[in-house]
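Participant: With the input below, show me the fold.
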Amino acid sequence: MKNASLTYALAMGLGLSTSTWALAAQPLLTPEQLQPLLQQADTRVIDIRDSKAFEAGHIAQAVNAPYGKWRGPASNPGELPDQAKLVALVQSLGLTPATHAVVVSSGADATDFGAMARVYWTLKSLGLKELSIVNGGMKAWESAGKPVSQAAVKVAPSSYAPTFDAQWLATRQDVGRHLDLSNAALVDSRPDAFYQGKVRAPAAKLSGTLPGAQQLDFNQWFVPGTSQFVDAAKAREIAGKLQRQQGQDTVAFCNTGHWAATDWFGLSEMAGLPNVKLYAGSMVDWTQSKEAPRMANQPGRAQSLAYDAQKWWDKNFK
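Facilitator: Now for the predicted structure:
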């Protein structure tokens, strides 16, 4: 265990020197930090709430790109949209490699943060380097007494045509190889009931988790009782709970790559760990494999049948 802790500490040091300090923009912005940036031509606030909420009041000059546009189909929401769709979305928002993209959502709760983190991760994978999230979302912005606008926002589309960089992505095949070689820290971002196999996502075929996965519930990243993400020092403390050998990948997963995006953000962008990846499809993708997926914490057949029967009853009679 001492060796594992030592290698983790070394990895943390390397991560801080090569990841956190390399970021040009702060990953998290308070409303007070964001307000003066709005005067800069390269700042583009991307509001990912639904259009109705956006039209009711938004940060001035913000553009609307609802979260659903960044996600996959209902059968596998964590799946990445087609490259062509992502490029068209980026262009419609007027984004370029020089843009400081600031992502904001409602800030309603910790789960809502996952939407901002997932969009941040997608934009980073599309080559944007100046990226931030509004800590606490619109809830924090309005609580701080900052102005909101109902004015329609139009931006000139860009010609930026990025290609997706898979550096921060883990696929089903990648996870399979990690299981074969035992050469990655697999991090389950879900709460206890999912990790222990007591419940599962609607589109998942099986309950349980990946073999050897460590649990790091996404709720740990927030100041208790709030939707405020913790500071860098606290993020490093949370990251210190992981057992991770130097040089290994860390793969965060959940049900559909939403809660796991929060773990990815905390581990990669705030704690500064290197080689942190997001399994975008997560357990929905894993359990939809045609071959029997390797699982842990899987309930017995009787429990599974009882669970399925209860879900059927709830769907049809409640």
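Participant: Go ahead and confirm residue 138 touches residue 103.
Facilitator: No. Between residue 138 and residue 103 there is no contact under Cβ atoms under 8 Å: 11.5 Å. The C-beta positions use only the backbone N, C-alpha and C, and glycine is treated the same way.
Participant: And residue 186, how close does it get to residue 225?
Facilitator: 30 Å (Cβ to Cβ, to the nearest Å).
Participant: if you count what's nearby, which of those two comes out ahead?
Facilitator: Neighbours were tallied for residue 186 and for residue 225 using other Cβ atoms under 10 Å; the higher tally belongs to residue 186 (22 against 6).
Participant: nearest residue to that one other than its sequence neighbours?
Facilitator: residue 213 (4.3 Å; Cβ to Cβ, 6 or more residues apart in numbering).
Participant: swap in residue 278?
Facilitator: residue 264 (4.5 Å).
Participant: so which strand or helix has the one you found?
Facilitator: helix 259-264 (DSSP states H and E).
Participant: now residue 91
Facilitator: helix 83-92.
Participant: by contact count, what packs against that helix?
Facilitator: The contact analysis (3 or more Cβ pairs under 8 Å, 6 or more residues apart in numbering; DSSP states H and E) places helix 83-92 against no helix or strand.
Participant: again, only using 10 Å
Facilitator: Counting contacts by 3 or more Cβ pairs under 10 Å, 6 or more residues apart in numbering; DSSP states H and E, helix 83-92 packs against helix 110-125.
Participant: Enumerate the positions of the helix it packs on that are buried.
Facilitator: Within helix 110-125, the residues that count as buried by 16 or more other Cβ atoms under 10 Å are 110, 112-125.
Participant: Kindly report the same for stretch 190-201.
Facilitator: 190, 194-195, 197, 199-201.
Participant: Kindly report the same for stretch 35-49.
Facilitator: 35, 37-38, 43-49.
Participant: So which of these sit within strands?
Facilitator: Secondary structure assignment by DSSP state E places 43-47 of the buried residues of stretch 35-49 in strands.
Participant: between the buried residues of stretch 190-201, which is closest to residue 299?
Facilitator: Closest approach to residue 299 among the buried residues of stretch 190-201 (Cβ to Cβ): residue 197, at 5.0 Å.
Participant: rewinding a little: tell me the angle the helix holding residue 91 makes with helix 110-125.
Facilitator: 100 degrees (axes from the mean of the first three to the mean of the last three Cα atoms, to 10 degrees).
Participant: buried stuff in helix 83-92?
Facilitator: Those would be 86-87, 89-91, for helix 83-92 by 16+ other Cβ under 10 Å.
Participant: right, and the pair among those residues with maximum separation?
Facilitator: Using Cβ to Cβ for every pair in the buried residues of helix 83-92, the one that comes out farthest apart is 86 and 91, at 9.7 Å.
Participant: Report the set of residues contacting both of these two.
Facilitator: Taking Cβ atoms under 10 Å, 6 or more residues apart in numbering as the contact rule, residue 86 and residue 91 both touch residue 162.
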